[in-house]
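J.: Sequence and predicted structure, then a few things I'm wondering about:
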Amino acid sequence: MIAKNDFPILEFDTEKTAKLNPAALVDKKFDTNRMIITFFPEVINKLIENDEIESYYKVGGENPFTIYRFVNEPDVLIVLGQVGSPSCGGNLDLFYAFGITKVILCGGGGVLDRNIKVGQLLVVDGAIRDEGFSYHYVEPSRYIYTDKKVTDKIAARLEKYNIPYLRGLTWTTDALFRETPDKVEQRKSEGAKIVEMEQAGCIAVAQFRGFDYGAIIYGGDDVASEEWNHRGWNTREGIRFNLVMLCRELVKEI
């Protein structure tokens, strides 16, 4: 049933079945249910070069991509995420149809507090829904939250490894070039620590389908200062590689 509204994005439909469902595009069930989604292509390339991962499944279509599996951890798959909730969240829904029910996402985001250093880890508790994709999966709300049981397990493991981290909200937006000073201050005042483009959508898919999902975002560029500062965030290869390896362990624990 559709909740009528003057604004189309707020017309949430409670109907579970759509005209096209992910199951219609699935030709098999994976033999594992655990997956890492990462936004670090150089890590994927390094793992391939070192023969640490191998091709597992190729997803076709207009934007084909490959899902890999760890050679020495065959029950863990890894895939390069696509930017934005429609692409990343849509693929996550497809992965669920393949049988994936345990997911850890790791990526980077712009910090809303200049005191958050490059590489500082944020365990995602939820997101401010400043995008459109999530509203088709979960009824309208200002915030959406991850499953506390999952995030608690991630946090406990980080503490066991003595890895410093933050917990909190992200600000999920579709509009990379519309992160205005006033919006940055507003989202920061609401508790968001990092801005990114996927979390609200991915969390919504996990809630809608009912599977375990967690995310760790590391502090990248600075959008909190008067002028945007790149901070060389996407060249921190050591941080990025180590985060993927950490997620390989975490996804087996949730």
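T.: Noted; the coordinates are in hand. Numbering: from 1, shown residues only.

J.: Show me what the host helix or strand of T151 is packed against.
T.: Element membership of T151 [criterion: DSSP states H and E] is helix 148-160. Helices and strands touching helix 148-160, by 3 or more Cβ pairs under 8 Å, 6 or more residues apart in numbering; DSSP states H and E, are strand 121-130, strand 165-173, strand 212-222, helix 237-250. All C-beta atoms are positioned from the backbone trio N, CA, C, and that covers glycine.

J.: Now the residue nearest to L243 when sequence neighbours are not counted. Its backbone dihedrals?
T.: Using Cβ to Cβ, 6 or more residues apart in numbering and skipping residues adjacent in sequence, the residue nearest L243 is C106, 5.0 Å away. Phi and psi for C106, reported as degrees, to the nearest 10, are phi -130, psi 130.

J.: which ones are touching C106?
T.: C106 makes contacts with 36-40, 215-218, 243-244, 246-247, as judged by Cβ atoms under 8 Å, 6 or more residues apart in numbering.

J.: partner residues bridging it?
T.: Under DSSP bridges, the beta-bridge partners of C106 are T38, I216.

J.: mind checking how far it is from Y135?
T.: Distance of C106 to Y135, computed by Cβ to Cβ, to the nearest Å: 25 Å.

J.: about what we covered before: okay, who's weakest in the contacts of C106 by pLDDT?
T.: Lowest in pLDDT among these is Y218, which has 88.

J.: Thought L243 was touching it, still the case?
T.: Yes - counting by Cβ atoms under 8 Å, L243 is a contact partner of Y218 at 6.2 Å.

J.: what residues are shared contacts of those two?
T.: Common contacts of Y218 and L243, defined by Cβ under 8 Å, 6+ apart, comprise C106, L121.

J.: And the host helix or strand of S55, what does it pack against?
T.: According to DSSP H and E, S55 maps onto strand 53-59. On a contact count with 3+ Cβ pairs under 8 Å, 6+ apart, strand 53-59 meets strand 65-70.

J.: Please consider this matter closed, and thank you.
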